[in-house]
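Colleague: The sequence and its predicted three-dimensional model are supplied below.
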Amino acid sequence: MKPSLKTLFPSGCEAYVKACCQSFTEAHGRRPGVHIRTFGCQQNEADSERIAGMAEALGYEYTDNPEKAEFILYNTCAVREHAELKALSLTGQLKHLKAKNPHLLIGICGCMVAQEHRLDDIKNKYPYVDFLFGTASMEKLPEYLAIALKQGKRAFYPDAEYGIPEGLPVRRESTFKAWVSIMYGCNNFCTYCVVPYVRGRERSRRKECILEEIRGLVKNGCREITLLGQNVNSYGKGLYEDYGFAELLSDICKIEGDYWIRFMTSHPKDASHKLIDVIAAHSGDDCRPKIVKQFHLPLQSGSSRVLKAMNRHYDREAYRSLMTYMKEKIPDVALSTDIIVGFPGETEEDFEDTLSMLEEVRYDAFFSFIYSIRRGTPAEKMEQVPEDVKSRRFARLLDTQNRISREKNQEYVGRVERVLVESVSKTDASLLTGRNEKNRLVHFPGDAALIGTFAEVKILTADTYCLTGELVP
Ligand code: 5AD
Ligand code: SF4
């Protein structure tokens with residue numbers, strides 16, 4: 001049985017917030033609005049869905065319009081400076097909303113404010129922000145709200161203890177696609193990355209809790225489940241002796257139903273042959289559920305020298321042999337990766353090694369990033385690559401991958417693809433948008449009633465980022 005908010009927070013904070021929401025509702029003929037804006041990765045999306053779930057359980061009503069909200073929360077990212085600057089600039093704009101509605105509560109949470117210098121920045125430069133909390137304690141939201149509502153004083157909650165939020169209510173954005181966090185935090189300390197400092201050490205959820213959550217989702221007709229963790233391949237470490245990610249995936253596959261299983265992110269140093277064998281066994285076209293034939297394996301750099309400086313614990317050869325095994329076991333697997341250009345000390349030759357790996361592996365898609373200095377990480381103190389060199393390499397990297405993606409997408413033309421229909425296209429209301437199991441975007445004309453179902457689509461044309469087709473009758 002799921003614990004109620006009351007048993008999770010016996011302090012009476014939730015009762016106080018509920019009473020405030022109730023009197024607002026009576027006075028205004030509507031429930032107070034909550035608006036959450038999420039920056040960054042899927043883990044943050046998943047956290048925001050839980051925070052929204054808690055706020056709804058307390059008496060708020062979700063709104064997409066910040067102007068109609070009595071409580072606005074920004075869930076921030078710290079992976080690159082760009083994400084932080086965007087969140088700060090949008091926080092600046094909230095000043096006007098607060099001026100219009102002095103009762104508005106503004107909270108900022110997530111990875112950015114888990115860093116002391118950013119917490120201080122907001123404390124000092126954004127006086128209209130009411131409270132801040134990091135990534136460790138979102139389950140204390142009722143306390144934060146109660147204190148803000150009752151005392152009207154600003155409060156800042158630096159992360160103290162990193163736990164595993166279990167049993168929280170959740171307001172999912174989609175009825176047919178769901179994020180399921182299987183672990184939190186990271187132990188890897190890649191030298192460029194801030195995540196281990198802002199999300200704490202690795203900790204895995206108990207398998208029973210994960211399996212129960214997935215059973216519930218499947219029962220409710222969910223069509224796609226994405227398992228989340230900073231490094232899903234080390235699932236179970238410190239919790240179980242002989243039970244890891246491969247075993248978890250096998251157990252999930254016993255929950256029968258017509259749905260796809262995705263997962264991210266993997267770390268090459270922990271991606272085992274055993275895991276690849278499990279994927280191969282459960283990714284056949286008649287598997288229900290089906291582990292998608294798509295594997296995201298961040299390479300970061302094709303140069304063994306740079307990988308060492310990044311503290312990645314694998315080299316070019318080890319990565320390559322993993323790819324060879326993968327392609328042997330699942331010949332039509334779609335591969336994707338993350339690449340950082342301009343890591344400190346990266347030479348032209350190192351960069352050429354990255355380009356040659358793109359040509360060799362022939363990824364279907366990639367996410368590429370210009371290295372961004374993160375305060376407190378070892379790479380901050382290393383010799384930096386000049387900005388113009390980084391930009392030039394970035395452009396070459398994009399050109400190379402775009403050509404490969406285009407060529408690979410062309411291979412779909414004439415094929416019939418099973419597509420999970422997601423929405424009406426944002427740019428053309430006569431088209432629906434979905435994705436095939438390999439995560440390729442597919443546009444096709446069709447009825448909006450198909451949203452949330454699988455459709456068979458014949459692919460007619462392809463370009464770098466998407467495929468276009470028609471429904472197969
Ligand atoms: N600069 C640029 N990219 C980064 N990433 C992580 N830290 C940085 C950084 N400091 C990228 C990595 C990671 C992805 C989520 O973000 O490629 O896999
Ligand atoms: Fe960051 Fe490396 Fe952990 Fe990924 S594995 S979150 S890149 S430290």
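Modeller: Now that the structure is in, tell me what you want to look at. Numbering: from 1, shown residues only. Ligands and ions are numbered 1, 2, ... in the order given.
Colleague: Now do the contacts for residue 466.
Modeller: The contact partners of residue 466, taken as C-beta atoms under 8 Å, 6 or more residues apart in numbering, are 409, 440, 441, 442, 443. All C-beta spots, glycine's among them, are computed from the backbone N, C-alpha and C.
Colleague: What's the separation between the third one and ligand 1?
Modeller: Distance of residue 441 to ligand 1, computed by C-beta to the nearest ligand atom, to the nearest Å: 20 Å.
Colleague: Tell me what that residue is bridged to.
Modeller: Under the criterion DSSP bridges, residue 441 forms beta bridges with residue 435, residue 466.
Colleague: need the longest helix for the protein.
Modeller: Ranked by number of residues, the top helix in the chain under DSSP state H is helix 387-410.
Colleague: ok, is it in contact with ligand 1 or not?
Modeller: No: with C-beta under 6 Å from any ligand atom as the criterion, ligand 1 is not reached by helix 387-410; the gap is at least 10.1 Å.
Colleague: I'd like the mean pLDDT over that helix, please.
Modeller: Summarised as a single mean, pLDDT over helix 387-410 is 97.
Colleague: for stretch 33-46, same thing?
Modeller: Mean predicted lDDT for stretch 33-46 stands at 97.
Colleague: what about it, how long is it end to end?
Modeller: 20 Å (C-alpha to C-alpha, to the nearest Å).
Colleague: What of stretch 441-458?
Modeller: 13 Å.
Colleague: Could I get the buried residue list for it?
Modeller: Of all the residues in stretch 441-458, those buried under the rule 16 or more other C-beta atoms under 10 Å are 441, 442, 443, 444, 446, 450, 451, 452, 454, 455, 457, 458.
Colleague: now do stretch 234-247
Modeller: Result for stretch 234-247 [16+ other C-beta under 10 Å]: buried residues 234, 235, 236, 237, 239, 244, 245, 246, 247.
Colleague: circling back: what packs against the longest helix of the chain?
Modeller: When contacts are defined as 3 or more C-beta pairs under 8 Å, 6 or more residues apart in numbering; DSSP states H and E, helix 387-410 sits against strand 334-341, helix 348-361, strand 365-370, strand 454-462.
Colleague: and if we set it to 7 Å?
Modeller: Using 3 or more C-beta pairs under 7 Å, 6 or more residues apart in numbering; DSSP states H and E, the elements in contact with helix 387-410 are strand 334-341, helix 348-361, strand 365-370.
Colleague: Tabulate the ones you listed (JSON lines), appending mean pLDDT and mean neighbour count.
Modeller: Output for those, formatted as JSON lines (pLDDT from 0 to 100; neighbours: other C-beta atoms under 10 Å):
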{"stretch": "strand 334-341", "mean pLDDT": "98", "mean neighbour count": "21"}
{"stretch": "helix 348-361", "mean pLDDT": "98", "mean neighbour count": "17"}
{"stretch": "strand 365-370", "mean pLDDT": "96", "mean neighbour count": "18"}
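Colleague: could I get the ones you listed as CSV with distance to residue 184?
Modeller: Formatted as CSV, the helices and strands packed on helix 387-410 follow (distance: least, C-beta to C-beta, whole Å):
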stretch, distance to residue 184
strand 334-341, 20
helix 348-361, 30
strand 365-370, 21
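Colleague: Mind putting those into TSV with distance to ligand 1?
Modeller: Formatted as TSV, the helices and strands packed on helix 387-410 follow (distance: least, C-beta to the nearest ligand atom, whole Å):
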stretch	distance to ligand 1
strand 334-341	3
helix 348-361	12
strand 365-370	3
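Colleague: And what about residue 429, helix, strand or coil?
Modeller: coil (DSSP: H, G, I helix; E, B strand; the rest coil).
Colleague: Can you tell me how far it is from ligand 1?
Modeller: 33 Å.
Colleague: for the residue of the stretch 1-150 of the chain found nearest ligand 2, what are its contacts?
Modeller: Going by C-beta to the nearest ligand atom, ligand 2 is nearest to residue 79 of the stretch 1-150 of the chain, at 7.8 Å. By C-beta atoms under 7 Å, 6 or more residues apart in numbering, residue 79 lies in contact with 40, 194, 195.
Colleague: since we're on residue 175, how many residues are nearby?
Modeller: Neighbourhood size, residue 175 [other C-beta atoms under 10 Å]: 13.
Colleague: let me fix that: residue 25
Modeller: As a burial measure, residue 25 scores 15 neighbours (other C-beta under 10 Å).
Colleague: For whatever helix or strand residue 14 lives in, name the packing helices and strands.
Modeller: Element membership of residue 14 [criterion: DSSP states H and E] is helix 13-28. The contact analysis (3+ C-beta pairs under 7 Å, 6+ apart) places helix 13-28 against helix 42-58, helix 141-151.
Colleague: could I get these as TSV with distance to ligand 1?
Modeller: Shown next, in TSV, are these (distance: least, C-beta to the nearest ligand atom, whole Å):
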stretch	distance to ligand 1
helix 42-58	10
helix 141-151	26
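Colleague: Would you single out the least confident of those helices?
Modeller: helix 141-151 (a mean of 92).
Colleague: need the next SSE after it, C-terminal direction.
Modeller: Using DSSP H and E, the first helix or strand after helix 141-151 is strand 155-157.
Colleague: Identify the residues contacting that next one?
Modeller: 119, 123, 131, 132, 133, 137, 144, 147, 148.
Colleague: Name the helix or strand of the protein that has the lowest mean pLDDT.
Modeller: Here the helix or strand of the chain ranked lowest by mean pLDDT, DSSP states H and E is helix 5-8, holding a mean of 48.
Colleague: Looking at the contacts of residue 466, which one is closest to residue 174?
Modeller: residue 441 (16.1 Å; C-beta to C-beta).
Colleague: show me the residues around that closest one that make contact.
Modeller: Listed by C-beta under 7 Å, 6+ apart, the contact set of residue 441 reads 433, 435, 465, 466, 467.
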